[in-house]
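# Predicted model, plus sequence, below.
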Amino acid sequence: MKQHNVVTRDEWLDARKHLLTEEKKLVGLRDEISARRRALPWVKIEEEYVFEGSHGKETLLELFGNKNQLIVYHFMFGPGWEQGCKSCSFLMDHIGGALPHLAARDVNFVAVSRAPLSEFQPFKDRMGWQFKWVSSSGNRFNFDYHVSFTENDVESGGKIYNYNTNAAMSDEMPGASVFIRNKAGDIFHTYSCYARGLDGLIGTYSYLDLVPKGRDEDDLDFTMAWVRHHDRYEE
């Protein structure tokens, strides 16, 4: 760990107040960016996506439940996988406690993966998660929202991920997409983010950013290389 200066309490307080000024600027910028995010134009969804859920087939409209806003997390769990992506699992560990609060603000949440339901349901049971998780194995949802790619797509580098060509490193990538519906039942896509754009959904990082060693990832092979499924840290 980097050596730090050891100072008097008054000297520390001066430095802390200077940082507070910068932190307030960051909060203001975050509020501004959030407002601009909400002001983005919408795209009407014309495709009739049908998903496989624990209670049978469900359309995208049905995933809203009785809410008018929907957050979809694109969970990396491809066909034939035995367990979900560690990083996606890390993020999903943070959603359980937020679900009732989101519901109180007219928001439903669902995870979507390309693997069949029968393949990821045992993993969900193992992890003890309670959020809704459905399969898009019977439609093009994952491909249309640029989180699933064919092997040829990855090798040729011809597909877009995170709004850039050649950015997909695997046939499955993470992301989050937001939708809203109107009284007529029309659905609109309002926002999607990928890669580091998902950091804000990970509460553990917010805590790590408070401590002296921070995320402590600079010397790792890749960001989140330290992450394990929450029941595997003992190993």
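Happy to help now that I have it. Numbering: from 1, shown residues only.
# Check which residues of the helix or strand bottoming out on mean pLDDT in the chain are buried.
Across the helices and strands of the chain, the lowest-confidence element by mean pLDDT, DSSP states H and E is helix 151-156, at a mean of 75. Neighbour-count burial for helix 151-156 flags Asp153, Val154 (criterion: 16 or more other C-beta atoms under 10 Å). For the C-beta atoms, the positions are set from N, CA and C on the backbone; glycine is no exception.
# what sits against Leu99?
Neighbour list for Leu99: Phe109, Gln130, Phe131 [criterion: C-beta atoms under 8 Å, 6 or more residues apart in numbering].
# For the buried ones among the residues you listed, write the corresponding ChimeraX selection.
To isolate the buried ones among the contacts of Leu99 in ChimeraX, judged by 16+ other C-beta under 10 Å, type:
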select :109
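# Check for me that Arg30 belongs to a strand.
No. Per DSSP: H, G, I helix; E, B strand; the rest coil, Arg30 lies outside any strand segment and is helix.
# Burial check on it, number of neighbours?
Arg30 has 11 neighbouring residues, counting by other C-beta atoms under 10 Å.
# next one: Ala39
Counted with other C-beta under 10 Å, Ala39 comes out at 7.
# Please apply the same query to Glu119.
By other C-beta under 10 Å, 20 other residues sit near Glu119.
# residues of whichever strand or helix holds it that come out buried?
Following DSSP states H and E, the helix or strand that holds Glu119 is helix 117-127. For helix 117-127, a neighbour-count test (16+ other C-beta under 10 Å) marks Leu117, Glu119, Phe120, Phe123, Lys124 as buried.
# rewinding a little: I'd like the contacts of Leu99 laid out as a markdown table, including distance to Met224, pLDDT and secondary structure.
Formatted as a markdown table, the contacts of Leu99 follow (distance: C-beta to C-beta, whole Å; pLDDT from 0 to 100; DSSP: H, G, I helix; E, B strand; the rest coil):
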| residue | distance to Met224 | pLDDT | secondary structure |
| --- | --- | --- | --- |
| Phe109 | 22 | 98 | strand |
| Gln130 | 24 | 96 | coil |
| Phe131 | 20 | 97 | coil |
